[in-house]
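Okay, predicted coordinates and the sequence, questions at the end:
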Amino acid sequence: MTAPCFEKIGRIPFKGPESDDPLAFRHYEPDRMVLGKRMEDHLRVAVCWWHSFCWPGVDMFGSGTFDRPWQAADTMENAKLKLHAAFEFFEKLGVPFFCFHDADVAPLGETIAEGDANLARIEELIRDGIDRTGVKLLWGTANLFSHRRYMAGGATNPDPEVFAFAAAQVARVLEMTHRLGGENYVLWGGREGYDTLLNTDMKRELDQLGRFMSLVVEHKHRIGFKGTILIEPKPMEPTKHQYDHDAATVHAFLRKYGLENEIKLNLEVNHATLAGHSFEHEVVYAIANDLMGSFDINRGDPQNGWDTDQFPNDDREAALALYHVLSAGGLTTGGFNFDAKVRRQSIDPEDLFIAHIGGMDTLARGLLMAERMILEGKLASHVADRYAGWNEGLGTDILDGRVGLGDLAKLARDQNLKPEPRSGRQEYLENLVNRY
Ligand code: XLS
Ligand code: NI
Ligand code: NI
């Protein structure tokens, strides 16, 4: 039995909104019923392996600041210690899920064969962790962006051997995710993009990416994986321009390659804001196009234009996103994964707990606010009233194709139409949301 890694911290209790204890939940109460379902089952919170246990606190000007023994070197011994720390953390925090990249959990070596043995051993230990704690795998993914072989992309690399290497990595983690009972598999195209068009054949690269996604889908069906394949959009960073720019761009890509019924979206808050959207916009776009899958929850910095991956702390943003998610029937295989990291100066183990507690409380408050928005029904009825004309008469004649452009021109002229504008009532609605 290895000694505990977070010795001074016990299981995080729920103490309620009045509590002053930084190591307790004030709103996140797993068993509380919300619209007929447990809070935990609505939110399906996950902790990510990479930011919480692998990221050492580096920035462009300085090396790691955290003192976590398993981060000293990328060895199997440290991988096991890290796994031990991870499961201890999941249990103490009381989350139902976790997520990982292949490179987060074991040293991958320089060839596929070198990584195989390490991953196989780690998979056994992850299996033991899942069986012992009941914490489950929300999604697995392959790191196709850190190693220098991927500097010009994985699937979109000019070298087909790099494509093959990437395919081998994805097949391996997809199979591992399947065996571990994972509920989704995520593809984030970190380097699937370009830095300059002077050296880039965009059409060819997009076709390569389309082929890659089709191969992943084929493999999923071949091995019988029942989970969801997800693409995670991001507009930039590390490449100047990434092909999976935002939800709408990925949607067009999926339709072009005939994959719109096979792949859904993993939307990340900070990626939405980098693309110039609100998170709510991305969520609603996904719902409107039947692409809602899962969420990476974090936040950016309004003054900085990069992926700062801070923990979420905006109840209102969480509430609006959850309002739409719940109105659309809620999550199925997806969840809310904390793709977020503590700041470089937050070096105490306690900081890692406090960050997640704050994030989970933010989601919980958002959920409770969304519950009230739904029960009161004022927002929904306002929108329904606004479009009521489309449910009858002229509206349905237009939508069902019973009238052509000429018929409409005649009607507008004959009936001397003079449509009266109606207020959009934005301020009323904003004030209403603030009341929740
Ligand atoms: C990076 C991405 C990454 C994915 C998983 O910006 O968010 O963390 O979620 O590869
Ligand atoms: Ni992410
Ligand atoms: Ni990100």
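Done, it's in. Numbers count the residues shown, from 1 in each chain. Ligands and ions are numbered 1, 2, ... in the order given.

got the CA coordinates for the strand or helix carrying residue 432 in CSV?
Residue 432 is located in helix 426-435, with elements delineated by DSSP states H and E. Listed next in CSV are the C-alpha coordinates belonging to helix 426-435 (Å, rounded to 0.1, in the frame of the first residue of the first chain):
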residue,chain,number,x,y,z
GLN,A,426,-33.8,42.1,-24.1
GLU,A,427,-33.4,44.2,-21.0
TYR,A,428,-36.5,42.6,-19.4
LEU,A,429,-35.1,39.1,-20.1
GLU,A,430,-31.7,40.1,-18.7
ASN,A,431,-33.2,41.4,-15.6
LEU,A,432,-35.3,38.3,-15.3
VAL,A,433,-32.2,36.1,-15.5
ASN,A,434,-30.5,38.1,-12.9
ARG,A,435,-33.4,37.4,-10.5
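
Give me the helices and strands touching it, please.
Applying 3 or more C-beta pairs under 8 Å, 6 or more residues apart in numbering; DSSP states H and E, one finds that helix 426-435 contacts helix 315-327, helix 378-386. For the C-beta atoms, the positions are set from N, CA and C on the backbone; glycine is no exception.

Spell out which residues of the stretch 51-200 of the chain are next to ligand 1.
Selection of the stretch 51-200 of the chain residues close to ligand 1 by C-beta under 6 Å from any ligand atom yields 101, 141, 186, 188.

May I ask which of those has the most neighbours?
Within those, most neighbours by other C-beta atoms under 10 Å means residue 141, with 27 neighbours.

For that residue, name its beta-bridge partners.
residue 101 (DSSP bridges).

OK, contacts around it?
Each residue near residue 141 by C-beta atoms under 8 Å, 6 or more residues apart in numbering is listed here: 99, 100, 101, 102, 173, 185, 186, 187, 188.

separation between the third one and residue 266?
Using C-beta to C-beta, to the nearest Å, residue 101 is found at 13 Å from residue 266.

ok so, going back, just the helices and strands packed on helix 426-435: most buried one?
Most buried of the helices and strands packed on helix 426-435, by mean neighbour count (mean count of other C-beta atoms under 10 Å): helix 315-327, with a mean of 22.

now the closest residue to residue 175 other than its chain neighbours: how far from residue 176?
Distances taken as C-beta to C-beta, 6 or more residues apart in numbering place residue 223 nearest to residue 175, at 5.9 Å, with adjacent residues excluded. To residue 176, residue 223 is 11 Å away according to C-beta to C-beta.

more neighbours, the two?
residue 176 (23 against 13).

Look up how far residue 116 lies from the more buried one.
From residue 176 to residue 116 the distance is 11 Å (C-beta to C-beta).

now check stretch 180-191, is it near ligand 2?
No - Stretch 180-191 does not reach ligand 2 (C-beta under 5 Å from the ion); its nearest approach is 6.0 Å.

May I see the buried residues of that stretch?
Using 16 or more other C-beta atoms under 10 Å as the test for burial, stretch 180-191 gives 180, 182, 183, 184, 185, 186, 187, 188, 189, 190, 191.

Alpha carbons of it, as CSV, please.
Output of stretch 180-191 as CSV, limited to C-alpha atoms (Å, rounded to 0.1, in the frame of the first residue of the first chain):
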residue,chain,number,x,y,z
LEU,A,180,-12.3,0.4,-19.5
GLY,A,181,-16.0,1.1,-20.0
GLY,A,182,-15.4,4.7,-21.2
GLU,A,183,-18.5,6.5,-22.3
ASN,A,184,-16.9,8.7,-25.0
TYR,A,185,-13.8,9.1,-27.1
VAL,A,186,-12.5,12.6,-27.8
LEU,A,187,-10.5,13.9,-30.8
TRP,A,188,-8.9,17.3,-30.3
GLY,A,189,-6.9,18.3,-33.3
GLY,A,190,-4.3,20.2,-31.5
ARG,A,191,-2.0,20.6,-34.5
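
what about the strand or helix carrying residue 285, average pLDDT?
For residue 285, the element it lies in under DSSP H and E is helix 279-288. Helix 279-288 shows a mean pLDDT of 98.

Which elements pack onto it?
Against helix 279-288 (3+ C-beta pairs under 8 Å, 6+ apart) you get helix 247-256, strand 263-268, helix 269-274, strand 292-296, helix 315-327.

want to try CSV for these, with mean pLDDT and distance to ligand 2 as columns?
Converted to CSV, the helices and strands packed on helix 279-288 look like this (pLDDT from 0 to 100; distance: least, C-beta to the ion, whole Å):
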stretch, mean pLDDT, distance to ligand 2
helix 247-256, 98, 14
strand 263-268, 98, 4
helix 269-274, 97, 7
strand 292-296, 98, 4
helix 315-327, 98, 15
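
pLDDT score for residue 1?
55.

Same check on residue 307?
On pLDDT, residue 307 comes in at 87.

shift numbering so it begins at 333
Right, with 333 as the first residue, what we last looked at is residue 639.

right, and it touches residue 604 too?
No - Residue 639 lies out of contact with residue 604 (C-beta atoms under 8 Å); the separation is 11.0 Å.

which of the residues in the helix holding residue 764 are buried?
Within helix 758-767, no residue qualifies as buried by neighbour count (16+ other C-beta under 10 Å).

Could you check the angle that helix makes with helix 647-659?
Note on geometry: by axes from the mean of the first three to the mean of the last three C-alpha atoms, to 10 degrees, helix 758-767 and helix 647-659 are set 100 degrees apart in direction.

which residues touch helix 758-767?
Helix 758-767 is contacted from outside by 648, 651, 652, 705, 710, 711, 714, using C-beta under 8 Å, 6+ apart.

6 Å - rerun?
The list of residues contacting helix 758-767 from outside it, by C-beta atoms under 6 Å, 6 or more residues apart in numbering, is empty.

Show me how far that helix is from its chain's centre.
Relative to its parent chain, helix 758-767 has a centroid offset of 28 Å by C-alpha atoms, centre = their mean, to the nearest Å.

What average pLDDT does it get?
Here the average pLDDT along helix 758-767 is 96.
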